[in-house]
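Asker: Mind folding the following:
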Amino acid sequence: MEMTTKTTITRNPRRMAAVHGLAVVGFITLILLGIMLAIYSARFVPAAVSRVGSAAVYLSQVFEPAKKTDLTVVPQTVSFAATTTASTTLANATSTTVTSPLLGNTGTPVATNAGPKTTTTINAGGASTAPLYGQPDLAVTITQTGFLTGNSTDDFVAGTSVPRGDNAAVKFSVTNVGTNISGTWTFKATLPTSNTFTYNSNPQQSLRPGEHIEYTLGFNQAQTGNRTLTVTVDPNNLVSESSEANNSAASSITIQ
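Answerer: Model prediction:
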């Protein structure tokens, strides 16, 4: 006689509801984690990639005021010996025959004026006292190329080639050769890195006529070969200048 055994499983409705609830919560959690990961990638990954792809730039600057001389002009007072009264009198002046051991002339008529002494002083140091008029004129000049032996512009070594493993560098100056105050301005440096990189500066301090700033700029990831680097002052033409012809300078450098 054949017997058939039938097993009946009775499921607890509460338990099933709890399992379904946990599954729904887990699914929602996974969706939220996916959304958060997508947001993180969109916000932070491009910035990280950009930092990896861009060159590191080392920049220092030294401000120098306009150079002036210290000069005082005072009328010279000379004592003459053996004077003789002249025979002719002029308005505000007397013709006098003098013997001057200092000047080496004897018996020569000299016109003397008893007017007040005047003193003229030309300032030295401090801010320029020259009158301001017209327009400023920012001029950039590359003074040296070279390399940095470390990660500081204090490690600059002048040269036309950069040894393998060192950071390339350039020294340049920006001078206000115009006749008025420049106001704030910026510059950019196009650097010969493996992926050509343009460094854009922050706003720089205003320059009076004759004032200038010396810059040292170093960078890594330089591309090997004979390369050209360019510095442009006021690249967006925000400063009204008397000339735009001197706003850019370029120099070649060999990267080993």
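
Asker: okay, now the closest residue to Q256 other than its chain neighbours: neighbour count?
Answerer: In this structure, Q256 finds its nearest non-sequential neighbour in R164, 4.8 Å apart by CB to CB, 6 or more residues apart in numbering. Where you see a C-beta, it was placed from the backbone N, CA and C, and this is true even at glycine. The number of residues packed near R164 is 8, by other CB atoms under 10 Å.

Asker: try F147
Answerer: There are 23 residues near F147, going by other CB under 10 Å.

Asker: quick one: contacts for it?
Answerer: F156, V157, G159, V162, P163, D166, N167, A168, A169, G218 (CB atoms under 8 Å, 6 or more residues apart in numbering).

Asker: would JSON lines of the residues you listed with pLDDT be doable?
Answerer: Shown next, in JSON lines, are the contacts of F147 (pLDDT from 0 to 100):
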{"residue": "F156", "pLDDT": "97"}
{"residue": "V157", "pLDDT": "97"}
{"residue": "G159", "pLDDT": "96"}
{"residue": "V162", "pLDDT": "97"}
{"residue": "P163", "pLDDT": "96"}
{"residue": "D166", "pLDDT": "95"}
{"residue": "N167", "pLDDT": "96"}
{"residue": "A168", "pLDDT": "97"}
{"residue": "A169", "pLDDT": "97"}
{"residue": "G218", "pLDDT": "96"}
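
Asker: Please list only the buried members of these.
Answerer: Among the contacts of F147, the ones that count as buried by 16 or more other CB atoms under 10 Å are F156, V162, D166, N167, A168, A169, G218.

Asker: Dump the contacts of F147 into TSV; add distance to Q256 as well.
Answerer: As requested, the contacts of F147 are exported to TSV (distance: CB to CB, whole Å):
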residue	distance to Q256
F156	17
V157	14
G159	11
V162	6
P163	6
D166	9
N167	12
A168	10
A169	14
G218	16
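
Asker: The residue nearest to Q256 in helix, strand or coil?
Answerer: Under DSSP: H, G, I helix; E, B strand; the rest coil, the three-state class of R164 is coil.

Asker: hang on, isn't it packed against T254?
Answerer: No - the pair R164 / T254 is not scored as a contact, 11.3 Å apart, by CB atoms under 8 Å.
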